[in-house]
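J.: okay, structure incoming, though there's no sequence with it:
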């Protein structure tokens, strides 16, 4: 996948998460909301990848993960900026294993809003860099 495809995928998955949330399908909404952040961070990483550089193996190992905190580190942050700190706290523990779990309406709404908030959402911040 390339950067543009990851950006498009993040946008599509956000809309799908919104539709699932509105349809009271909370498990899928929760999972896709976190997946939006993963795709966004990977698009950011792709932007910083130079075309003819041979990548460092340690970096490659770090980017082939679903761990949002690890991906955040790859883009150069040990913690998110203050303006999204609260919303990052909601999404940071998301895992690809969420697809196998049940999630409450509250959890699904909380993660979706933490990602999608137009002022302080995690995706808004990521989009400033991707």
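T.: Received it, and whenever you're ready, just let me know what you need. Since the model is a prediction, treat every value here as computed from it, not as a measurement.
J.: the strand or helix carrying residue 35 - contacts with which helices or strands?
T.: With the criterion set as DSSP states H and E, the secondary-structure element containing residue 35 is helix 26-47. When contacts are defined as 3 or more CB pairs under 8 Å, 6 or more residues apart in numbering; DSSP states H and E, helix 26-47 sits against helix 3-22, helix 68-74, helix 85-91, helix 105-116, helix 122-127. Using the backbone N, CA and C atoms, a C-beta is placed for each residue, glycine as well.
J.: now do the end-to-end distance for stretch 68-80.
T.: According to CA to CA, to the nearest Å, stretch 68-80 extends 11 Å from its N-terminal end residue to its C-terminal end residue.
J.: report the rounded mean pLDDT for it.
T.: Taken as a whole, stretch 68-80 has a mean pLDDT of 95.
J.: next, the buried residues of that stretch.
T.: In terms of neighbour count (16 or more other CB atoms under 10 Å), stretch 68-80 has its buried residues at 68, 71, 72, 74, 75, 80.
J.: related to what we said a few turns ago, between the helix holding residue 35 and helix 105-116, how many degrees?
T.: Regarding helix 26-47 and helix 105-116, their directions subtend 20 degrees when assessed with axes from the mean of the first three to the mean of the last three CA atoms, to 10 degrees.
J.: if we can go back for a sec, what two of the buried residues of stretch 68-80 are the furthest from one another?
T.: Taking CB to CB as the measure, those span a maximum distance of 13.5 Å, between 74 and 80.
J.: list the buried residues in the helix holding residue 35.
T.: Buried residues in helix 26-47, defined by neighbour count with 16+ other CB under 10 Å: 26-46.
J.: where does this protein dip in pLDDT?
T.: For the chain, applying pLDDT under 70 flags no range at all.
J.: assign residue 77 to helix, strand or coil.
T.: Of the three states, residue 77 takes coil under DSSP: H, G, I helix; E, B strand; the rest coil.
J.: what residues does stretch 108-124 touch?
T.: Taking contacts as CB atoms under 8 Å, 6 or more residues apart in numbering, the residues outside stretch 108-124 that touch it are 10, 14, 17-18, 21, 26-27, 29-30, 33-34, 36-37, 40, 80, 83-84, 86-88, 90-91, 94.
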